[in-house]
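# take this sequence and fold it.
(chains A, B, C and D)
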Number of protein chains: 4
Amino acid sequence: MSLMEKVVNRAGGADRPSEKPNNAFFADLIATITDRGRDLFGLRPPRPPQAPGRADALVELCETLLGGKGEASGTAMAQQVIAAYETLRPQEQLTFFEALGEKFGPDEALLDAAVEEWRLTGSETAATEIHFASEPKRQELFRRLNRAANGTRTLVQLRADLLKLSRENPELRRVDRDLAHLFSSWFNRGFLVLRRIDWSSPANVLEKIIRYEAVHEIHGWDDLRRRIDAPDRRCYAFFHPALADEPLIFVEIALTEQMPGAIAPLLAEDRAIIDPARARTAVFYSISNCQTGLAGISFGNFLIKQVVQELQRELPRLETFVTLSPVPGFRLWLMAADDVPMSNEERTMVAALDQWSWMDNPVAAETARRVLEPLAAYYFLRAKTPDGRAVDPVARFHLGNGARLERINWLGDHSRKGMRESAGIMVNYLYDLNEIEENHEAYANQREIVASPAVRKLLKPDA
Amino acid sequence: MSLMEKVVNRAGGADRPSEKPNNAFFADLIATITDRGRDLFGLRPPRPPQAPGRADALVELCETLLGGKGEASGTAMAQQVIAAYETLRPQEQLTFFEALGEKFGPDEALLDAAVEEWRLTGSETAATEIHFASEPKRQELFRRLNRAANGTRTLVQLRADLLKLSRENPELRRVDRDLAHLFSSWFNRGFLVLRRIDWSSPANVLEKIIRYEAVHEIHGWDDLRRRIDAPDRRCYAFFHPALADEPLIFVEIALTEQMPGAIAPLLAEDRAIIDPARARTAVFYSISNCQTGLAGISFGNFLIKQVVQELQRELPRLETFVTLSPVPGFRLWLMAADDVPMSNEERTMVAALDQWSWMDNPVAAETARRVLEPLAAYYFLRAKTPDGRAVDPVARFHLGNGARLERINWLGDHSRKGMRESAGIMVNYLYDLNEIEENHEAYANQREIVASPAVRKLLKPDA
Amino acid sequence: MSLMEKVVNRAGGADRPSEKPNNAFFADLIATITDRGRDLFGLRPPRPPQAPGRADALVELCETLLGGKGEASGTAMAQQVIAAYETLRPQEQLTFFEALGEKFGPDEALLDAAVEEWRLTGSETAATEIHFASEPKRQELFRRLNRAANGTRTLVQLRADLLKLSRENPELRRVDRDLAHLFSSWFNRGFLVLRRIDWSSPANVLEKIIRYEAVHEIHGWDDLRRRIDAPDRRCYAFFHPALADEPLIFVEIALTEQMPGAIAPLLAEDRAIIDPARARTAVFYSISNCQTGLAGISFGNFLIKQVVQELQRELPRLETFVTLSPVPGFRLWLMAADDVPMSNEERTMVAALDQWSWMDNPVAAETARRVLEPLAAYYFLRAKTPDGRAVDPVARFHLGNGARLERINWLGDHSRKGMRESAGIMVNYLYDLNEIEENHEAYANQREIVASPAVRKLLKPDA
Amino acid sequence: MSLMEKVVNRAGGADRPSEKPNNAFFADLIATITDRGRDLFGLRPPRPPQAPGRADALVELCETLLGGKGEASGTAMAQQVIAAYETLRPQEQLTFFEALGEKFGPDEALLDAAVEEWRLTGSETAATEIHFASEPKRQELFRRLNRAANGTRTLVQLRADLLKLSRENPELRRVDRDLAHLFSSWFNRGFLVLRRIDWSSPANVLEKIIRYEAVHEIHGWDDLRRRIDAPDRRCYAFFHPALADEPLIFVEIALTEQMPGAIAPLLAEDRAIIDPARARTAVFYSISNCQTGLAGISFGNFLIKQVVQELQRELPRLETFVTLSPVPGFRLWLMAADDVPMSNEERTMVAALDQWSWMDNPVAAETARRVLEPLAAYYFLRAKTPDGRAVDPVARFHLGNGARLERINWLGDHSRKGMRESAGIMVNYLYDLNEIEENHEAYANQREIVASPAVRKLLKPDA
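Numbers count the residues shown, from 1 in each chain, chains lettered A, B, ... in the order given. Down below sits the predicted model:
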């Protein structure tokens, strides 16, 4: 017990903070949710120095939490574990996670008995029983921790810590598997809320949009405002009620007249703003996941399809829903893959792509285009991973969602990063809600890359 | 496909209804949640007549939903299943549930392989693997259904239907087990929101408070108002964001000066209202679960402890937190149990308890009191279930929560129901947050009934 | 000062109650507004007995409030006056109002000087100056009182008290004039918020809808629910942010296929509900003002036109916006006016209209119809007040709004009240937003009753 | 009419935009309010070029609005005027304002009659009648304009335009007087909502805090965050529901242990943050008005007193509420006033105060201190305006509110601006709610500057 006290020095027995009673029924709901909303990135109190036995004490506390006392304490004991976890330093985290992997697995006696019963009867009921008998105890531990005031938030952070340490400690993946399983249930799309992000959104949410943007960096608040406040721009995010001020994933959209082929004009400070009523195309030009601790829990597919519906409702004259996407594996594939149908001369040119300003030379640029466009088509349509999927990770995402590869845009991104990774190419994936199921099936079952005739035509006849 | 079309006649391919983009960030969140809030009890469109093959078609649709097409469709296909389920008639539901039990269990080949691996290696990893390999497919099915707009709500209704049919079809319990497992994860206390219910709460919520009150019936809106709007009354409920207008469980509280011994004065129309600042005692006189479909998912323990904390914060001068509870098993036990230490004469009196107005006769009443008080003490302190727990279900709940049996109140409820079930007795359970863990341990481990000296003294010396 | 203390026994120097700081920006706004929302009709503490000097002390306190101390005290002193006013009994109110009329008028010296200046210069500036110089001091007093937490609410109540006493004390009308002037500025339509009232509205708002319904009584909560929760019914109200839970005026609407001619079928418990998408007509069948203290501040005109726009937006297929209105002055006019073109025989029939069930006799009913329809047409089209306006008060309201008298419905309301007041007749007024300006001008300038050809045709040729 | 059409080219007859019906009662209220919240500073469509007759057409439209048609049109015509006004260029505005001053004054015939009646009767009623008879027609015009969707917002902007043009066109002050009168009624403190501003406030509100800070400039979003998000900082603003995203006035507060004497440490990036529970002092270090169009409508007095109460409630251990204020008139007075008791040598030193870094020289600094502290005391305690008030405008504000001059802080602000305006001095004004009424009276009636003994002691004996 004194060990525990040592570790719980911050929790003080405090239970769930006030969800104050309030006459305003719905306001109360929000206030409650927002009270919980302490920032994952906010200032934390300084962590106490690592101390021998702290991680062990925490493990002991977890065992108590799993017992009857934990049940009786309401949320108080979970609160203590949560508060104590937040003070652990990485080495202590590792010790703690290892214990989770070793001491909180399935109850082997129970499992043995269930397996035996199944061997004897072979019944459906016995098969099902095995499932419940084999549940690792840490799943119940995580569920009990989640009862605490800041539980969900801390567990998401815990998984981020765990994933980091798993890289060098693969045995921790066992622990992660349980956490990932719970998260994919808790963060079920049915529990997510889609919200538009705009200039009237709370600053603590917007700050995270700036921080989490992973595709085309947002350069401060003015840049952000251009992306979310202009009448021909939209931004949507998924939120979970237990993390009300933490976007989980967001997408940035430009409303345009034509399907765009390059990113720079979309983001230019001095671009002409158009009346949304004149837009016929919605361009998803950036999708960013926000929470490391939710890695592998997929939201993107739902987000895009939901937003397409939102936009159709708001702007019925929109006809085309496309992405403007990078091709982040293209250059590497060009340089490294051994099946690239390229002459040595072409190979030399590609190697130097990001090293000189050949783009300014119309002849050189045209030469490069004639070489790279067919190679890009080949990359998408012919190159495959060993198990037959598209090589490009972004392509795998959108094709897996049922989108169609619509257009290859030469020099769509001639930033340094764009040249280095995508050889200056960007592509559009088209989302046609009437065809996504069919497209998906074609890709999933026959590994068929659904692409427009225009893309197909780029392919050299013999490729 | 035409079969499916038959069954999906109401769904029309409609996906999730608008969660309209809106500048008011938090307002949007509420609006969204409330949009979903269609009443479980609202008018439903008339169900189509039972038709051969409709349940089978729905099963087929579920299989598709579990496949790749279901993944690609976003939420559209889940929406169709949800809409189709709502049209099933009981006999079709039964067919559908039977198929869930038979065709959506664990994948036996996977399970076989995992068990084999475990036998060979005996490793923790292999044990964990068994858990995932044995997951019945219906769990993933339910998770996918939950993605639909009204998914959670319909699944809760589906489980209510399932529980009803399980009574005569025990093999359906297999299906229920998976649903119960998911619900206990989804309705984790960390996802619940405590809200005060008062006269400014929405009518559609209040209506449910009237309907769901299970202990002391609420006789219409005026009676409700007396219970939630008077300054010395409180009502709190847990809500889940995905069922924003459906209370899950609620508790009614009276603020009083003394610990009360009878219910009628608390509910009297013409009682004197006291200034909450003068109250020293909070009386939990009614706790009601609301959702049949959430049977067995326990909220009451958390609700009481949370509300104690809320009240302590709002009214720091409150000192005592007690229930005023019925003893619903007492009379039956008196009549039926063979170990009741009662003379034949006493037995005759008890049998007639609810048949004449002996209460009006002071001599008879006093006689009854002298007989029944010691018997009540015996009932609580000595009578046990075969596995050593308290006989009374309400006692099991509160003692399991760590409360203490504080007082036995003769004629606490002399309504017909109170006489018939509780032999006119009510009891107070005391919640002292500092002692609940210890009390719980004593009850859970040593089957000790923690009771006040006053209660113990009622026990006859030889009992 | 001791007098003051006597009168302020309830106010305790308390200033504006908490508008608690709160992270949820908009939630805070609502919470604040709702905190203020103490019910005009809620339980008040018992008023102290009338005491000599209490009204005088209050007057003294008002004088202090108008001085520098009142300015310096922030809202504290206003709070005291407000609290003290709420304790006055009617006789004390009268004394207080009389003082408001006598001691808080314009500053005569200032007024004299301003008038003199104007006589000398005749300048626009001097004319304007007179306006400010002549402002009765009670206007500033009321503005200062409004600064208190519950100020607006109490002032509205004060005016209700004042209007009641004015009936027998006409000199109080001077005071009312200032209050009415302020209210018509404060309750400017630009500050009102239109909200739909439905089954998810707060109970304390709905309760007032039941109480304030002035046209067709609402018989309890079930009846209310039929009127606001059915898919083919709507209810809208105006609210003021400072009285957030007090509807100011509301309108009840039925969505129908045809323009209805009778009220009973609209309100029938067992009527068939229609799909709003099939509705072509919106029927405004009841408009009720809620606050006696806001008598004469007109909201109805704005409410109807705003709701027409709301409905057009929600249901673009609606084509017709009509009322179904009583004719409350018809029967009285029939009986009393000396210019009614009626035979003696007819007169006898009309006198007995509400006394026997002649409606059940088809012959009698047809006879009555033939007599009364032309008389109704005459009543609307020919009968006029001395200043040339329509005799019927409801007609004056709708014609003044620019509506057109569309149809006269025989036996539209055969309830006892309908027979007694309207001789069983109801009418439809048509709101066509494209014609309201023109209709209004015709009525306002030429006293022309704009009516449909069908109504005109009912008029006897010689009428 | 064609003239009107020319001017109303943007309004299109559109009435008040959607306040969409919505089940979420309170959410609706907010959404409504926020929908209106178009930014006063947002992008406006380009204004059409000035055109002959546009201002005249607008005047004509205003006359129509004041007539019966305007009444009948609901809000449509007001909407047109509002939309048209927004397109006027400054020269057209001037023409329009001049017309408001000349054509929309009191009705002289009415006024004449009322004055006559008063002369004859001398009655209170007649005096009151003069007030209503003399109301300039533009007051009713402004009230009608306020009915439009964006009315209040546009009128506030209109007054800002008017004040600008009034500087060179003093005859416009007549128009302003009416507008100021209406605003002081509409923006009555009872209609304002106090809200805490923090890092979860909407970005469009925070942006305005940055822009409007008038005392100590906020250098971008990071600086803002330090001022509103640190646990020992607070910011509160008043809002009006009709301008929901426009702060009217805000105050920035530092929670400290001691009363601070200098501004730089409070704003330092690397200052130590303290636990608010340890704070005993709340320092109001900046108060800024936000709306030029509300100049002269006083909010500051109420804001400070309200915030003192809020803070007392949140942090009951706070004991001292003070400002840390500049002395913006001191240096000018030193240089210019002829009654300053200063030697020539001292005068020379003061003249050079902001020209060299004498502060770094301890001897020089001490010399300056010895000269300037007594002069500052003299400035506050002895120097007076011709009408006997404090010379310093900030002093006039706080003393007028009933605060006490608590301390003079040498070198409280040694920024260039601080040296140039305040000669490096800052002062603390103390708000003690128990003494403000008395202090105010002393200042208002006897022109007494209420100051602490410490300040008084600084005064030279003979001063």
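
# OK, contacts around A:Ile82?
A:11, A:145, A:148-151, A:154 (C-beta atoms under 8 Å, 6 or more residues apart in numbering or on different chains). Glycine gets a C-beta too; all of them are placed from N, C-alpha and C.

# got CSV for the residues you listed, with neighbour count and secondary structure too?
Output for the contacts of A:Ile82, formatted as CSV (neighbours: other C-beta atoms under 10 Å in any protein chain shown; DSSP: H, G, I helix; E, B strand; the rest coil):
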residue, neighbour count, secondary structure
A:Ala11, 22, coil
A:Leu145, 26, helix
A:Ala148, 26, coil
A:Ala149, 22, coil
A:Asn150, 22, coil
A:Gly151, 26, helix
A:Thr154, 22, helix
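
# give me the subset of these touching chain B.
Subset of the contacts of A:Ile82 in contact with chain B: A:148, A:151, counting by C-beta under 8 Å from any C-beta of the partner chain.

# let me know the closest of the contacts of A:Ile82 to chain B.
Lowest distance from chain B to the contacts of A:Ile82 (C-beta to the nearest C-beta) belongs to A:Gly151, with 4.4 Å.

# now the residue nearest to the closest one when sequence neighbours are not counted: how far from A:His240?
The spatially closest residue to A:Gly151, leaving aside those adjacent along the chain, is B:Gly190, at 4.4 Å (C-beta to C-beta, 6 or more residues apart in numbering or on different chains). From B:Gly190 over to A:His240 the distance is 11 Å, taken as C-beta to C-beta, to the nearest Å.

# ok, now A:Ala126?
For A:Ala126, the distance to A:His240 - C-beta to C-beta - is 36 Å.

# what's the first helix or strand after the lowest-mean-pLDDT helix or strand in chain A?
Least confident element among the helices and strands of chain A, by mean pLDDT, DSSP states H and E: helix A:25-35 (a mean of 36). Once the chain leaves helix A:25-35, the next helix or strand it forms, by DSSP states H and E, is helix A:54-66.

# and chain B, is that next one touching that?
No: using C-beta under 8 Å from any C-beta, we find that helix A:54-66 stays clear of chain B, coming within 9.6 Å at best.

# so which elements touch that helix?
Here helix A:54-66 touches helix A:2-7, helix A:76-85, helix A:90-103, helix A:137-145, going by 3 or more C-beta pairs under 8 Å, 6 or more residues apart in numbering or on different chains; DSSP states H and E.

# and those helices, which one averages the lowest pLDDT?
Per-stretch mean pLDDT for the helices and strands packed on helix A:54-66 is lowest at helix A:2-7 (a mean of 40).

# need the pLDDT of the residue of the stretch 51-200 of chain A found nearest chain C.
Here the stretch 51-200 of chain A gets closest to chain C at one residue, A:Ser200, 9.4 Å apart by C-beta to the nearest C-beta. Note for A:Ser200: predicted pLDDT of 93.

# torsion angles phi and psi at it?
Backbone torsions of A:Ser200, given as degrees, to the nearest 10, read phi -100, psi 10.

# if I look at it, how far off is B:Ile263?
50 Å.

# give me the beta-bridge partners of the most centrally placed residue in chain A?
Central residue of chain A (C-alpha atoms, centre = their mean): A:Asn289, 3.4 Å from the mean position. Beta-bridge partners recorded for A:Asn289 (DSSP bridges): A:Ile249.

# right, and it touches A:Leu248 too?
Yes: taking contacts as C-beta atoms under 8 Å, A:Asn289 lies within contact range of A:Leu248: 7.5 Å.

# shared neighbours of the two, which are they?
A:Phe299.

# quick one: the helices in the stretch 251-400 of chain A?
Ranges of helices in the stretch 251-400 of chain A, per DSSP state H, counting those that start in this stretch, are A:264-267, A:300-314, A:330-336, A:344-351, A:362-381, A:393-400.

# what lies in contact with the last one?
Residues outside helix A:393-400 that contact it (C-beta under 8 Å, 6+ apart) are A:300-301, A:323, A:325-329, A:380, A:389-390, A:405, A:427, A:429, A:439-440, A:443-444, A:449-450, B:72.

# need the contact list for the residue in chain A sticking out farthest from the centre.
Ranked by distance from the centre of chain A (C-alpha atoms, centre = their mean), the top residue is A:Leu120, with 44.2 Å. Residues counted as contacts of A:Leu120 (C-beta under 8 Å, 6+ apart) are A:Ala126.

# flag every residue of the stretch 301-450 of chain A that's near chain B.
A:301-302, A:305-306, A:309-310, A:313-314, A:400-402, A:436-437, A:439-441, A:444-445.

# circling back to that earlier point, roughly how far does the residue of the stretch 51-200 of chain A closest to chain C sit from A:Ile273?
As for A:Ser200, its distance to A:Ile273 is 18 Å (criterion: C-beta to C-beta).

# which one's more surrounded, the two?
Set A:Ser200 next to A:Ile273 and count neighbours by other C-beta atoms under 10 Å in any protein chain shown: A:Ser200 wins out with 25 against 12.

# who touches stretch A:445-453?
Residues external to stretch A:445-453 that are found in contact with it (C-beta under 8 Å, 6+ apart): A:380-381, A:384, A:388-390, A:395, A:399, A:403-407, A:430, A:439, A:442-443, B:68.

# could you tell me which of those belong to strands?
Cross-referencing these against strands under DSSP state E gives A:404-407, A:430.

# now for those residues: which two are most distant?
A:Arg404 and A:Arg407 (10.1 Å; C-beta to C-beta).

# show me what from the stretch 51-200 of chain A comes close to chain D.
Residues of the stretch 51-200 of chain A lying close to chain D (C-beta under 8 Å from any C-beta) are A:199-200.

# no more questions from me, cheers.
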